[in-house]
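>>> quick one, structure for this:
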Amino acid sequence: MGKPTGFLEFEREAPVKIPVAERVKNFNEFVERFSDAELNHQAARCMDCGVPFCHSGCPLGNIIPEFNDAVYRKSWKEAYEILISTNNFPEFTGRICPAPCESSCVLGINQPPVNIEEIEKHIIEIAFDKGFVQPKKINIRTGKTVAVIGSGPAGLAAAAQLNYAGHSVTVYERDDAPGGLLRYGIPDFKLEKWVVDRRIELLEEEGVVFQCNANVGVNVPVSAILDNYDAVVLAGGSTVPRDLPVKGRELKGIHFAMEFLKQQNKFNAEKDPFINSHIESNVYPEIINAFGKNVIVIGGGDTGSDCIGTSKRQGAKSITQLELLPQPPKSRTHQMPWPVYPMLLKTTSSHEEGCDREWAMATKEFLHDENGNLRALKVVKLEWRLSEDGRATGFEEVKGTEKELPCELVLLAMGFVNPQYKGMLEAMEITLDERKNVRADNKLYQTNHKRIFAAGDMRRGQSLVVWAIAEGRECAAKVDEFLKKE
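Numbers count the residues shown, from 1 in each chain. Take a look at the predicted model:
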């Protein structure tokens, strides 16, 4: 490595963030860049370890020590070429990945791990600044055509790789612009949409075609896809949200997280978020706004955190986050040895901005006032049973702990259960697995129809953006093999 003793000389540092009081006034990204010296020191912390476990910790297999060494030497083009060889979109993962690679960092055994995610983001942004990122010229076209359904990270990765292989790729997106979760699921304060647009424009220059407002199985017949393409990649994501069917669920003011987040992202983009739904249902949907309200977010994951940050920026009176599971530990336990990914207490930037957090809490009922409006949530404390390895195996309600939490807005951020079956998957007669995800061979990514493949959350279930990119790349390789045989 560039500086073998760097891990002894430099502490882990994070970039400066704009103060909370300022950043909650808008939806812009608020994490500053490292100075040249700071970036050099952080890269220098990468050890000359015998076995770089970070390689296997990253679903993409990023070649992390090598690009850290290049960053330390300020060999920016080399660092970029190493990074892009395994990761199509480091500008996305460098902003929104939970960095499982850092959990496997050898330095992390007894010190804070190398700040791999931030280094990755800096590499790609410096590469853009210096003009290293240019459209790839596709010299030979195979004459084969591929339709990719869905333009989230899995679909984009599959499209990019198949295009590089020389196939002609068309991406179908049911929304008005490409990006999927990246565009309409992740808040702008974590990922500004010019970052997505920049990558989409690059893919278009390389030859990928995007068809938006194209909902396959609804306004695009499935036959038009099957009849006109040599292969199809299903990358529509896991989009059916987990519901909370308790008494009072029908009350006004209870919404799924993605309704709330998508609406705000469309407002930020100065788009009418309701135009399509208004035309289809002839009813103008409710504008979801947290201003002046007591907000409760049900769900302790990243989507719940995004709801907190968005509610804060909208001017919520109070924000409370509820989680069914008990509070995780702050550091590794013997059930979570290095280098496995640990389930630890996570305090996000949105939590830093202000909210109350309640653990091991179950919702009993949504309560209304005399006018039928949501006024409170009835909850109860839970006592969890744990197995010898620390896993939660069941719970009991704690008697006498029921209470009411005042609220006028509840956001359900409890994850997604499976992809939408009605429409495209039903028309294609796609076989599902026991979890109602698309059944596709783990090695071939092939469904029960040999020309139709699946990747990302639609195949594996709700997961991380980095896993979606990895699945898109792997699926593309299998589609390429299939087309060559054909």
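
>>> count of neighbours near the closest residue in space to Ala165 that isn't next to it in sequence?
In space, and not counting its chain neighbours, Ala165 is closest to Asp480: 4.6 Å by CB to CB, 6 or more residues apart in numbering. In this view, the C-beta of every residue, glycine as well, is placed from N, C-alpha and C. Neighbours of Asp480 under the rule other CB atoms under 10 Å: 20.

>>> before we move on, what about the one 3 residues further on?
By other CB under 10 Å, 20 other residues sit near Leu483.

>>> part of a helix, is it?
Yes. Under DSSP: H, G, I helix; E, B strand; the rest coil, Leu483 falls within a helix.

>>> now it: how far from Ala157?
To Ala157, Leu483 is 17 Å away according to CB to CB, to the nearest Å.

>>> ok, Gly61 - contacts?
55, 86, 470 (CB atoms under 8 Å, 6 or more residues apart in numbering).

>>> recalculate using a threshold of 10 Å.
54-55, 85-87, 101, 470, 473 (CB atoms under 10 Å, 6 or more residues apart in numbering).

>>> among those, which are in helices?
Among these, the ones falling in helices (DSSP state H) are 54-55, 101, 470, 473.

>>> now flag whichever of these is closest to Glu404.
Nearest to Glu404, judged by CB to CB, of those is Cys101 at 43.4 Å.

>>> what's the local residue count around the nearest residue in space to Pro342 that is not next to it in sequence?
Closest residue in space to Pro342, ignoring its immediate chain neighbours: Met336 at 4.1 Å, by CB to CB, 6+ apart. A count of neighbours around Met336, defined by other CB under 10 Å, yields 17.

>>> can you confirm Met336 is in a helix?
No. The assignment for Met336 (three-state DSSP) gives coil, which keeps it out of a helix.

>>> what's the spacing between it and Val106?
According to CB to CB, Met336 stands 17 Å off from Val106.

>>> try Ala157
Taking CB to CB, one finds Ala157 at 28 Å from Val106.

>>> what's the distance between Lys381 and Asn87?
43 Å.

>>> now swap in Ala477 and tell me
In terms of CB to CB, Ala477 sits 15 Å off from Asn87.

>>> swap in Asp306?
Going from Asp306 to Asn87 by CB to CB gives 23 Å.

>>> please apply the same query to Leu324.
Counting by CB to CB - Leu324 and Asn87 are separated by 34 Å.

>>> what does Glu388 give?
38 Å.

>>> repeat that for Val171.
From Val171 to Asn87 the distance is 19 Å (CB to CB).

>>> list the contacts of Leu377.
Applying CB under 10 Å, 6+ apart, we find Leu377 in contact with 246, 248, 254, 294, 296, 298, 320, 322, 361, 363-367, 403-407, 410.

>>> only the buried subset of the residues you listed, as a PyMOL command please.
In PyMOL, a selection of the buried entries from the contacts of Leu377 looks like this (16 or more other CB atoms under 10 Å):
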select buried, resi 248+254+294+296+298+320+322+361+363+364+365+366+367+405+407+410
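
>>> picking up where we left off before, of Glu388 and Asn87, who's got more company?
Set Glu388 next to Asn87 and count neighbours by other CB under 10 Å: Asn87 wins out with 27 against 6.

>>> and the residue nearest to that one when sequence neighbours are not counted, what pLDDT?
Nearest non-adjacent residue to Asn87, counting by CB to CB, 6+ apart: Leu60, 5.1 Å away. Listed pLDDT for Leu60 reads 97.

>>> next: Asn87.
At Asn87, pLDDT is 98.

>>> now swap in the one 4 residues further on and tell me
What the model reports as pLDDT for Glu91 is 98.

>>> can you report how many residues neighbour it?
The number of residues packed near Glu91 is 22, by other CB under 10 Å.

>>> cool, and Asp389?
Using other CB under 10 Å: Asp389 sits among 10 other residues.

>>> quick one: the residue nearest to it when sequence neighbours are not counted from Phe53, how far?
For Asp389, ignoring the flanking residues on the chain, the nearest one in space by CB to CB, 6+ apart is Gln335 at 5.0 Å. Distance of Gln335 to Phe53, computed by CB to CB: 19 Å.

>>> tell me which of these two has more neighbours.
Taking other CB under 10 Å, Gln335 and Phe53 do not tie; Phe53 has more neighbours (18 against 15).

>>> residues contacting the closest residue to Ile140 other than its chain neighbours?
Leaving aside its sequence neighbours, Ile140 sits nearest to Gly166 (CB to CB, 6+ apart; 5.1 Å). Counting by CB under 10 Å, 6+ apart, Gly166 makes contact with 138-144, 207, 480, 483.

>>> do Pro419 as well
Contacts of Pro419 by CB under 10 Å, 6+ apart are 150, 234, 236-240, 425, 430, 432, 436-438, 454, 456-459, 461-462.

>>> drop anything exposed from the contacts of Gly61.
Among these, those classed as buried by 16+ other CB under 10 Å are 54-55, 86-87, 101, 470, 473.

>>> and the least confident of those residues?
His55 (92).

>>> pretty sure Thr363 is in a strand, no?
Yes. Assessed with three-state DSSP, Thr363 lies in a strand.

>>> and it, what are its bridge partners?
As for beta bridges, Thr363 partners with Val379 under DSSP bridges.

>>> cool, and the one 4 residues further on?
As for beta bridges, Leu367 partners with Ala376 under DSSP bridges.

>>> for it, give me its contacts.
Counted by CB under 10 Å, 6+ apart, Leu367 has contacts 247-248, 251, 374-378, 404-407.

>>> export the residues you listed to CSV and tack on distance to Ala14?
Formatted as CSV, the contacts of Leu367 follow (distance: CB to CB, whole Å):
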residue, distance to Ala14
Lys247, 44
Gly248, 42
Leu251, 41
Leu374, 38
Arg375, 40
Ala376, 38
Leu377, 35
Lys378, 40
Glu404, 39
Leu405, 33
Pro406, 35
Cys407, 33
